[in-house]
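Enquirer: sequence unknown, structure follows:
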């Protein structure tokens, strides 16, 4: 599929993904429209560039500081110029990674939890790990966060297995997890959970409710997901 009118129009349709992304990155570094570039990459079934990359944020700030007219307005105390540079600094602080970084695919996660799932046979453990990897990919978790989430899942599975069919003990555990999570969130915990759930659901394409997740999967898993939602919200601002 070619990009007849797009920013990648000069590339042959069979250009390898990595080459197409590097070409798109070069365009973006030179001031190209990142949204248009990512749209063209998507049409080629290539992963989009990292819109929150540190290098792109730093380049944008550097261009601003090389603009003599802007620098003059800033030194003259122009409030708009001051706000503009503050916004650029904030974006740099919140950005991370390279422009060519891309989200991990489910098959690229190395969770290695199968052997720890003693209550599952080999096939069941592999299926469990595969589904968890898909969940991590949907949320675009990094490798470290995904591994932490996986280990927390193993701990929860082990805990609930030991509780067996004791409904009272399971309910007590669920209430304690909920209380621990709310203690971390502090004031307006319900509102924070609702907002984070909406962000996670939108990003993952799944229906996720932290109020349910904390009671069924524990406070540690809920906190990992809440922190992911916070990071996503910061990038949006």
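Expert: Perfect, thanks for sending it. These numbers come from a predicted model, not from an experiment.
Enquirer: what about residue 48, which SS state?
Expert: State at residue 48, reduced to three classes by DSSP: H, G, I helix; E, B strand; the rest coil: coil.
Enquirer: Can you mark which positions in the longest helix along the chain are buried?
Expert: Assignment by DSSP state H gives helix 143-163 as the longest helix of the chain. By 16 or more other Cβ atoms under 10 Å, the buried positions in helix 143-163 come out as 145, 146, 147, 149, 150, 151, 152, 153, 154, 156, 157, 160. Backbone N, C-alpha and C define where each C-beta goes, glycine included.
Enquirer: Looking at these, which is nearest residue 136?
Expert: Distances from residue 136 to the buried residues of helix 143-163, taken as Cβ to Cβ, are shortest for residue 146 (4.1 Å).
Enquirer: Leaving out the residues flanking it, which one is nearest to the closest one?
Expert: residue 136 (4.1 Å; Cβ to Cβ, 6 or more residues apart in numbering).
Enquirer: Checking the residue most central in space within the chain next. Helix, strand or coil?
Expert: By Cα atoms, centre = their mean, the chain has its centre lying nearest to residue 140, at 4.1 Å. With three-state DSSP as the basis, the three-state label of residue 140 is coil.
Enquirer: pretty sure it contacts residue 101?
Expert: No. Look at residue 140 against residue 101 with Cβ atoms under 8 Å: they stay out of range, at 10.7 Å.
Enquirer: worst-scoring helix or strand of the chain, pLDDT-wise?
Expert: When the helices and strands of the chain are scored by mean pLDDT, DSSP states H and E, helix 219-236 comes last with a mean of 82.
Enquirer: Work out for me the element residue 103 sits within.
Expert: Assigned by DSSP states H and E, residue 103 belongs to no helix or strand.
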